[in-house]
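**Q** any chance you can model this:
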Amino acid sequence: MPMTFKYRCTQCDLRFPTGWGGYLYVINDAGERLSCSHPQEGRKIEEVLGRGASRQLVRTRTGFNSHCICLDCMSQFDLDIGDAEKGESWRYFYGATTRRDERKCPDCKSTHVKTVIELVGEPCPKCKLGQIEAKSTGVLC
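**A** All right, here's what the predicted structure looks like:
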């Protein structure tokens, strides 16, 4: 089971949601993305898509929303950027590798957007003094 992390700047108050840098979701018949909470991802997918849903249906109706930040306006939001995060293979257990969203801030429309995973070890985009760190919570989920 994967470890969860707190993502934050070592110098200022910039923080991101605790977890794995995002979450798996399933798309219902109305087109809404519903979060699949760990460790019940499979149960949520089955609840939404039906028992025995084909592998193809699961692939087309699941995804992974990454926690993102706009480097221009500092707005935080979630985007499904698909294969860009593929290095974390456990996220793609259900085949969630399709990019559904453009890297664009929903607030200011800037394309200067990064995921929290991409920022780990990098200078803080807010204060420029600290670094973004992923500190283990000690919780296995």
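
**Q** any idea how far the helix or strand hosting Leu34 is from the chain center?
**A** With elements delineated by DSSP states H and E, Leu34 resides in strand 33-35, which encompasses its position. Remark: strand 33-35 is offset 12 Å from the chain centroid, using C-alpha atoms, centre = their mean, to the nearest Å.

**Q** show me where pLDDT drops low in this structure?
**A** Residues of the chain meeting the criterion pLDDT under 70: 1-2, 83-97, 139-141.

**Q** which residue is most remote from the mean position of it?
**A** Computed with C-alpha atoms, centre = their mean, the maximum C-alpha offset from the centroid of the chain is found at Gly52, amounting to 26.2 Å.

**Q** how far away is that residue from Gln40?
**A** Going from Gly52 to Gln40 by C-beta to C-beta, to the nearest Å gives 18 Å. All C-beta atoms are positioned from the backbone trio N, CA, C, and that covers glycine.

**Q** cool, Lys109 as well?
**A** Look at Lys109 and Gln40: by C-beta to C-beta, they are 36 Å apart.

**Q** who does the strand holding Leu34 pair up with?
**A** Partner strands and pairing direction for strand 33-35 (DSSP bridges) are strand 22-27 (antiparallel).

**Q** in the longest helix seen in the chain, what's buried?
**A** With DSSP state H setting the assignment, residue counts place helix 41-49 as the longest helix in the chain. For helix 41-49, a neighbour-count test (16 or more other C-beta atoms under 10 Å) marks Glu41, Lys44, Ile45, Val48, Leu49 as buried.

**Q** next one: stretch 127-135
**A** Ile132, Ala134.

**Q** can you give me the helices for the chain?
**A** Per DSSP H, the chain has helices spanning 41-49, 55-60, 116-119. These are given in chain order.

**Q** in CSV: those, plus distance to Gly130.
**A** Rendered in CSV, the data for those read as follows (distance: least, C-beta to C-beta, whole Å):
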stretch, distance to Gly130
helix 41-49, 33
helix 55-60, 39
helix 116-119, 11
